Structure formats: C-alpha cells, structure tokens
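Enquirer: coordinates for the following, if possible.
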Amino acid sequence: THTHTQHTTHTRTHAGMNSEQQQQAESRKAFVDAASAAFDVWDVLEKAKSEQWGGEETEEMIEWMKEVVCNWFFEIPGDPPTVVEVCSYIEEILANEFNTIPDNGVAIDVSRMLVALFGTFSEGKVDELHAFVESTKKKEKKNPVKTKKEAVDEESDDGTPQHEMSDLTLGSKTNNSSNDGNDDDDDDDGWTVVKRK
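Expert: Modelled structure (predicted):
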C-alpha cells in the first residue's frame, strides 16, 4: 500500500510538470507565431518574396530566418537580445543569404516589434500574442504579396501589372540615392541587389 501511495504522488507531480511544460511550450509557440506574423507584414520581406531575392529558395530562406531569429531570443534565459542586436542580426542574415546590402537600421522597425512581442511573452500575456497574430492576418488579406512570376501572370494585354504592392505598418528605411555607375541595382527603398559578374 505504501508503494502505491508513493507512485500516485510521483504521478501527480509528474503530471504537474507535464502541464507546466505544456503551458511553456504553448506560450513559446504563441511568441513564435506572433514573431512570424511580424515578419510576414514587414515590407522588406514582402519585397524579398515578390522579387525572389533568394532565388527559387526564397520562401524556405525566409522561414529559416524566422526560426533562427526566434530561437535566438531563448538562447540565454533572462537576457534576451536588444533591439539593436536583433536589427544587426537580421541585417547580417539578409546580407549573407539574400544577395542584398541593407542600409544600417533597415530592420529596426521589425526588431522593435520582435523585442516588444518577446516582452509580452515574458509577461505571460499569451492572449495579446494571439490577438497580434489575428490583427496581422487581417492586414495580409487586404494586401496580398505576389511573386514576380504571379505579377507577370496577371499582366494585362498591354503589359502593365494589374497588382501593385502596398505598404504595411512595418516600413523600411528609404534611401533615394541614384545608381553610381556600378553593376548593382540600387532600389529606392534602401536595398542594393548584388549581382555576380
């Protein structure tokens, strides 16, 4: 009888740990979903998708970037990265993986959002994270992103695109510099597409 009582107590404790671990996993998933939603409405990634900055693997590269940035927030418990650190990290990933040279600070808006979302997660406000995801879904429905191929497929008979991308709440820093004669394509949005010679 004594052994059975110990086993029951151990089972209750173990079940409590599972419930707590499950709650932590659900909270973490809510943060990851919210962070992914923040990336999804960031105009820089919209442009990366529409122009296929990473070639045929653009979508996979974007998903990988979201994952590594989200995981980074959990690497040092109690010491999450700052806005400046997140901004630098995202810009480094974009430069190394997407053949672009971002202006300094181009990722500051999304970085602020990610740090704020992690603060919400840290305070245990999972409902606010879910509400954020829902609010971004509404924005995505209003402003769908199309790839270059989809835009070309929707051109009218006279060759003009039928869809224009619209700006969303998370903007990028702009740079109105002109092409200085090099072979890189300088866009008016603060990005330079680097081409191999």
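Enquirer: what's stretch 109-126 in contact with?
Expert: Contact with stretch 109-126 is made by 26-28, 30-31, 34-35, 38-39, 42, 44, 69, 73, 80-84, 86-87, 90, 128-129, 132, 170-172, as judged by CB atoms under 8 Å, 6 or more residues apart in numbering. All C-beta atoms are positioned from the backbone trio N, CA, C, and that covers glycine.
Enquirer: report the buried residues of it.
Expert: Applying a neighbour-count criterion of 16 or more other CB atoms under 10 Å, the buried positions in stretch 109-126 are 109, 110, 111, 113, 114, 115, 117, 118, 120, 121, 125, 126.
Enquirer: quick one, what contacts residue 132?
Expert: By CB under 8 Å, 6+ apart, the neighbours of residue 132 are 34, 37, 38, 117, 120.
Enquirer: with secondary structure, distance to residue 64 and pLDDT as added columns, please give the residues you listed in JSON lines.
Expert: As requested, the contacts of residue 132 are arranged in JSON lines below (DSSP: H, G, I helix; E, B strand; the rest coil; distance: CB to CB, whole Å; pLDDT from 0 to 100):
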{"residue": "34", "secondary structure": "helix", "distance to residue 64": "18", "pLDDT": "97"}
{"residue": "37", "secondary structure": "helix", "distance to residue 64": "17", "pLDDT": "96"}
{"residue": "38", "secondary structure": "helix", "distance to residue 64": "16", "pLDDT": "96"}
{"residue": "117", "secondary structure": "helix", "distance to residue 64": "19", "pLDDT": "97"}
{"residue": "120", "secondary structure": "helix", "distance to residue 64": "24", "pLDDT": "96"}
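Enquirer: can you tell me which two in the residues you listed are farthest apart?
Expert: Spanning the widest gap among the contacts of residue 132 are 37 and 120, at 12.6 Å by CB to CB.
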